[in-house]
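Chemist: the following comprises the amino acid sequence and a computationally predicted model.
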Protein chains: 2
Amino acid sequence: MENILNIFKALCDETRLRILKLLENGELCVCDIVAALDMIQPKVSFHLGVLKEVRLIKDRKQGKWVHYSIDDSDIFKRFLLLSTLERISAETVSEDTKRLKDFLKIKHQKANVVSMSSRTVCCGR
Amino acid sequence: MENILNIFKALCDETRLRILKLLENGELCVCDIVAALDMIQPKVSFHLGVLKEVRLIKDRKQGKWVHYSIDDSDIFKRFLLLSTLERISAETVSEDTKRLKDFLKIKHQKANVVSMSSRTVCCGR
DNA sequence: TGAATATATAAATATTTTTTTATATAATAT
DNA sequence: ATATTATATAAAAAAATATTTATATATTCA
């Protein structure tokens, strides 16, 4: 019971569903998600922690960055996520996707300049 | 989003999962559930209301009684419930099932006496 | 009709969860 | 070394949810 209950507790929050929806298309680092959701970073970290705790997502550390992605090692969770996320239309999260797109664009532009000047910037702050 | 979110909000509570597990074997009236969970009646009514609101369960009124049962008119919810409830072992809810069994036994005994003396008692209080 | 029973609802309280603000940690760059 | 960047965490405040207590409604029974 404990287990399935905690999965639902992790899924019963709008912010966390938005995060999962963002991760549907592949891994993102924390600052990507912060930009996409337009929320402050500790808030996003909190929700990532909740999702990670029940293993709906996993993380991968690389230098200063932490990349999060859907953890599809469990077949039940995989199916649950699949059927859940397909019930959230792209339209519903269009603002998030737009902000993410814009952010990644600028980030990659900077990364190019950076690779020439040998700096390493993610959020450009 | 609203819709799937509210389904998870309804499912993210232990009492409500216990209620659903009880209803797995067919409809029960409120006083059956109150006895099985060993909780006060307004608390049970509150949780039944939450489940009914998102149409995970439905009710059927008959005289003084209200009978609740799983609402399986929606295929997604049906599947979700099926796969959820099978993840809650009978062992986990054995106390609930025991109390329910005991309660129904006494209730039916009374109902028999009652049918002879033409009274209508449910909870015997 | 009046008492008893089954359930629902409203208001007050308690608890849990989320959000914010401040700060810590760890990696990289200068 | 020191500053900057990315992320996490702790503590306080705010918001949401659940629980209790009291009461209302509706049905049946005597």
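Modeler: Cool, got the structure.

Chemist: so where do the strands sit in chain A?
Modeler: With strands called from DSSP state E, chain A shows them at A:28-29, A:57-62, A:65-70.

Chemist: mean neighbour count, these: which tops it?
Modeler: Neighbour counts (mean count of other C-beta atoms under 10 Å in any protein chain shown) averaged over each of those peak at strand A:28-29, with a mean of 19. Yep, even glycine has a C-beta here, placed from its N, CA and C like the rest.

Chemist: quick one: mean pLDDT over that strand.
Modeler: Average pLDDT, strand A:28-29: 98.

Chemist: helices and strands around that strand, which ones?
Modeler: If you count contacts as 3 or more C-beta pairs under 8 Å, 6 or more residues apart in numbering or on different chains; DSSP states H and E, strand A:28-29 packs onto strand A:65-70.

Chemist: what's in contact with the strand it packs on?
Modeler: Outside strand A:65-70, the residues that touch it by C-beta atoms under 8 Å, 6 or more residues apart in numbering or on different chains are A:19-20, A:23-24, A:26-31, A:33, A:48, A:51-52, A:56-61, A:81, A:122.

Chemist: can you rerun that using 7 Å?
Modeler: Applying C-beta atoms under 7 Å, 6 or more residues apart in numbering or on different chains, the contact partners of strand A:65-70 are A:23, A:26-30, A:48, A:57-60, A:81, A:122.

Chemist: likewise stretch A:29-46?
Modeler: Under C-beta under 7 Å, 6+ apart, the answer for stretch A:29-46 is A:15, A:18-19, A:22, A:48, A:65-67, A:96, A:99-100, A:103-104, A:122-123.

Chemist: can you tell me if the top helix by length along chain A touches chain B.
Modeler: As assigned by DSSP state H, the longest helix anywhere in chain A is helix A:94-117. No. Shown here: helix A:94-117 not in contact with chain B (C-beta under 7 Å from any C-beta of the partner chain), separated by at least 11.1 Å.

Chemist: CA atoms of that helix as PDB?
Modeler: Output of helix A:94-117 as PDB, limited to C-alpha atoms (Å, rounded to 0.1, in the frame of the first residue of the first chain):
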ATOM      1  CA  SER A  94       2.300  25.000 -24.400                       C
ATOM      2  CA  GLU A  95       3.600  27.900 -22.300                       C
ATOM      3  CA  ASP A  96       6.100  25.600 -20.600                       C
ATOM      4  CA  THR A  97       7.200  24.200 -23.900                       C
ATOM      5  CA  LYS A  98       7.600  27.700 -25.400                       C
ATOM      6  CA  ARG A  99       9.700  29.000 -22.500                       C
ATOM      7  CA  LEU A 100      11.800  25.800 -22.700                       C
ATOM      8  CA  LYS A 101      12.400  26.200 -26.400                       C
ATOM      9  CA  ASP A 102      13.400  29.900 -26.000                       C
ATOM     10  CA  PHE A 103      15.700  29.100 -23.100                       C
ATOM     11  CA  LEU A 104      17.400  26.200 -24.900                       C
ATOM     12  CA  LYS A 105      17.900  28.300 -28.000                       C
ATOM     13  CA  ILE A 106      19.700  31.100 -26.000                       C
ATOM     14  CA  LYS A 107      21.600  28.500 -24.000                       C
ATOM     15  CA  HIS A 108      22.900  26.800 -27.100                       C
ATOM     16  CA  GLN A 109      23.900  30.100 -28.700                       C
ATOM     17  CA  LYS A 110      25.900  30.900 -25.600                       C
ATOM     18  CA  ALA A 111      27.400  27.500 -25.500                       C
ATOM     19  CA  ASN A 112      28.800  28.100 -29.000                       C
ATOM     20  CA  VAL A 113      30.300  31.400 -28.200                       C
ATOM     21  CA  VAL A 114      31.500  29.700 -25.000                       C
ATOM     22  CA  SER A 115      33.200  26.800 -26.800                       C
ATOM     23  CA  MET A 116      35.200  29.400 -28.700                       C
ATOM     24  CA  SER A 117      36.100  31.300 -25.600                       C
END
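
Chemist: many thanks, I have nothing further to ask.
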